[in-house]
Structure formats: structure tokens, C-alpha cells
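Enquirer: Only the shape, not the letters, is given here:
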DNA sequence: CGTACGATCTGCT
DNA sequence: GCAGATCGTACGA
């Protein structure tokens, strides 16, 4: 039940962090509402070298500026004008690595998640997409740049064991524009297990 | 200033 | 399976 400290996020190997985030618990506390779940899907974005990254080629804009800060903060941006997507900025400052959180399994504060999403059933389908989990967790761009050890947003290690055989690795979603980099095996999926005994 | 488009999801067919 | 939603960001004029 320990909150991950900033040092967890500072390695410059973004793939390893994407792997290690599987099975961790992510929480938000927004307007007094505590919600959280188990991270089940991530994607690594490998900074300036990665054509799929917003920071490819060292591109710096207002939006991408938080990616260049020291790891351990959130990068939130609007996609398709509709969905907020939540990333974990990693690595040292000036190294714009990030991990997109693509899916969680809902565990904590599920009634708040149902209210926010208008859904009626608690299962993987409630938060199995980057836009959906942001909606369920109450994430919007006001969390952009917020540290992952804050009181609004944090990640905990509750010692779920994630074995390599529980993981599927493959190419990322929706990044066809990145050419050959769209084929890189930067997507990490934790195979479904029964988490219902954790729900509260 | 104008325009094109996106690290998606939903609902309808 | 596909179109539509919907708007901030990026970039060129």
C-alpha cells in the first residue's frame, strides 16, 4: 500500500516503466470523490526518437512543455475534441518520455465512476479505454502537470504480482501516421484476471 | 486568422 | 462496420 515516489519515474527507459505500471493502482481524489483502479494497459512514447510521440524531433510547444519536465507528473491533453487522455511523464527533465494509461480495472469509488460515465455496470468495460478511464476518474486538463504523489492524483504499489506470462506486448493503437514506428512493440496489456475481490 | 486533424468512443446499421 | 461528435492545438498565410 505504498505510494510510488518521484524516483520511480526517473529512469530513462520508458518501456520499462510502461511494463512496471501494469498491476499498480491509480487514484484520483476530485471534489472529495475518491476513485481508483488497477492499471491494465499502457503505451510507451519514446520521446524525441518516436514518430508517434508529441515530442518527436524535440518539438516543444505550449502543449508538450510538461513532457520536458522531470518525471512523475501528469500530461493530460484533449483528443478528438472529446476525450482527455492521461499520461505519466517519465525520465529526467529535458527527456520528454511519457506513458499513456490506456486501461484500468475499476476498484475504488465505483459508484462515482458510474455517475460520471452514466453506465450501470461495474466491469472492465467501464474503464477499458483512455478516454473512458479519464471520464470515470474525473480527469480533465486541470490535472495537466500535477505530480503523481499529490493528494489529487497518485499511483500505489499494492503488491499485485505481474508475471511476464500475464502480459501481451504489441503495437500501439491509432498511431498509423508514425510510419514504421507505429509497429514498435510499445503497448503493454495485462491479461484479464478476476479482480472482483478487490472492489470496494 | 483560417484550416486541418487527432495517442477516441458511442450509437446506429 | 462506420460515421459523427466536437474543440484545442499546430502550423501556414
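Expert: Received it, and whenever you're ready, just let me know what you need. Please read these numbers as outputs of a predicted model, since none were measured by experiment.
Enquirer: Where does the most centrally placed residue in chain A sit: helix, strand or coil?
Expert: Chain A has residue A:101 as the residue nearest its centroid, 2.2 Å off, counting by CA atoms, centre = their mean. The local conformation at residue A:101, judged by DSSP: H, G, I helix; E, B strand; the rest coil, is strand.
Enquirer: Which residues are in contact with the residue nearest to it when sequence neighbours are not counted?
Expert: For residue A:101, ignoring the flanking residues on the chain, the nearest one in space by CB to CB, 6 or more residues apart in numbering is residue A:86 at 5.0 Å. Glycine gets a C-beta too; all of them are placed from N, C-alpha and C. Going by CB atoms under 8 Å, 6 or more residues apart in numbering, residue A:86 touches A:74, A:75, A:76, A:100, A:101, A:130, A:133, A:134, A:137, A:139, A:143.
Enquirer: Give me every residue in chain A lying close to DNA strand C.
Expert: When proximity is defined as CB under 7 Å from any atom of the strand, chain A approaches DNA strand C at A:54, A:59, A:61, A:62, A:63, A:64, A:77, A:78, A:80, A:81, A:82, A:141.
Enquirer: nearest residue to the fifth one other than its sequence neighbours?
Expert: Right, the one you point to is residue A:63. Leaving aside its sequence neighbours, residue A:63 sits nearest to residue A:77 (CB to CB, 6+ apart; 6.0 Å).
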